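S.K.: sequence unknown, structure follows:
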């Protein structure tokens, strides 16, 4: 054998190995399919061929009911206190050999360990279920509010979204665990939820029998024509604290040399907004401060925002911003990240 032949033979063996390692997925035979097997018997008598004898056997494929519900992403869904329409995503797969409907139910867990650890310690509200109508894997306004999946073909999946509203006042790490359960029902035709399935418990019949073949889900048992999966809504909150301080800058008699808080003195106010570490960024922080009637706003200094603090002392590194109107200073801090402090600084004179 020449070298080319050897190489071709080796390639052929490798191709056969690859085929053996990656067999094509077998397609399930549909429930209700009639399978007929024919046999032919040929024989001779005295060396003479006789008339062929035949026989056949026919049976009907029964219905295997199997389904799986999986949480998409394998991690908790991060939410903010007061967030509306927080989305968590699931996939429902019909692993049966028949077209079926699937009733859907989203429920709240009552305490205990969440889907990804932690302890369920609050309930969300207004749970509702949508099916991914456009198949883009992301909830949007085109998706359809549903209570069941209609006529899901065998060996196909649909993406389902559970939406919920979060209460205010929750802290970072709080968990609301939810469960999505799909229950197989008869495929009753379009736009109607089919009847409950009944498993055949008698001996095999000549018709289409029903066998529940599903595994145990998060909260349901095996072989109950249902499957469930959990997800957590986990709160990531901002925890703000505010410290207001003042210091005398100068007075009319001592200037800046050991000034005192006498009429005519200039006083600097500092409002320090801190966000605790480990939480979420706080945004659009509106600061409002009504001046005491015994003081006058120092317009020449103005208001400075987004400054920093060192060892409890406000630094003079803010930028111009904020307004003064109707006896009040108002300023907005765009963002204070976790572990950060930002300031609003302005000055007044004592009347």
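M.R.: On my side now, so go ahead. All values derive from a computational prediction rather than experimental measurement.
S.K.: make it CA atoms for all contacts and neighbour counts henceforth
M.R.: Will do.
S.K.: domains of this structure?
M.R.: Following automatic domain parsing, the chain resolves into domains at 63-235, 240-350.
S.K.: Mean confidence (pLDDT) on the first one, please.
M.R.: For domain 63-235, the mean per-residue pLDDT is 96.
S.K.: Could I get the full set of helices for this protein?
M.R.: Assigned by DSSP state H, the helices in the chain fall at 3-21.
S.K.: so the residue most central in space within it bridges to which residues?
M.R.: What sits nearest the mean C-alpha location of the chain, by Cα atoms, centre = their mean, is residue 88, with 2.8 Å. Counting by DSSP bridges, residue 88 forms beta bridges with residue 162.
S.K.: check contacts around it.
M.R.: 72, 77, 161-163, 231, 233 (Cα atoms under 8 Å, 6 or more residues apart in numbering).
S.K.: Reformat the domains of the chain as a markdown table; add distance to residue 49.
M.R.: Shown next, in a markdown table, are the domains of the chain (distance: least, Cα to Cα, whole Å):
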| stretch | distance to residue 49 |
| --- | --- |
| domain 63-235 | 37 |
| domain 240-350 | 89 |
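S.K.: So which of those is the most surrounded?
M.R.: With neighbours taken as mean count of other Cα atoms under 10 Å, the domains of the chain reach their highest mean count in domain 63-235, at a mean of 19.
S.K.: still on that earlier bit, would you mind measuring from the residue nearest to the centre of the chain to residue 274?
M.R.: 31 Å (Cα to Cα, to the nearest Å).
S.K.: Repeat that for residue 237.
M.R.: Between residue 237 and residue 274 the distance, using Cα to Cα, works out to 13 Å.
S.K.: same thing with residue 93?
M.R.: Going from residue 93 to residue 274 by Cα to Cα gives 47 Å.
S.K.: pLDDT weak spots in the stretch 201-350 of the chain?
M.R.: Along the stretch 201-350 of the chain, no part satisfies pLDDT under 70.
S.K.: Now do the strands in it.
M.R.: Using DSSP state E, counting those that start in this stretch, the strands of the stretch 201-350 of the chain run over residues 210-212, 226-235, 240-250, 266-275, 282-290, 295-297, 303-307, 309-310, 313-314, 319-320, 323-325, 328-336, 341-350.
S.K.: Show me the strands paired with the second one, marking each as parallel or antiparallel.
M.R.: Strand partners for strand 226-235, identified by DSSP bridges, are recorded as strand 77-79 (parallel), strand 175-186 (antiparallel).
S.K.: who wins for proximity to residue 101 among those strands?
M.R.: Residue 101 lies closest, by Cα to Cα, to one member of these: strand 175-186, at 5.0 Å.
S.K.: wait, doesn't residue 137 sit right on residue 159?
M.R.: Yes: Residue 137 lies in contact with residue 159 (Cα atoms under 8 Å); the separation is 6.7 Å.
S.K.: which residues do the two both contact?
M.R.: Among the neighbours of residue 137, none is also in contact with residue 159 (Cα under 8 Å, 6+ apart).
S.K.: Report the contact partners of residue 129.
M.R.: Residues near residue 129 by Cα under 8 Å, 6+ apart: 104, 106, 145-147, 160-163.
S.K.: Right, I'll leave it there.
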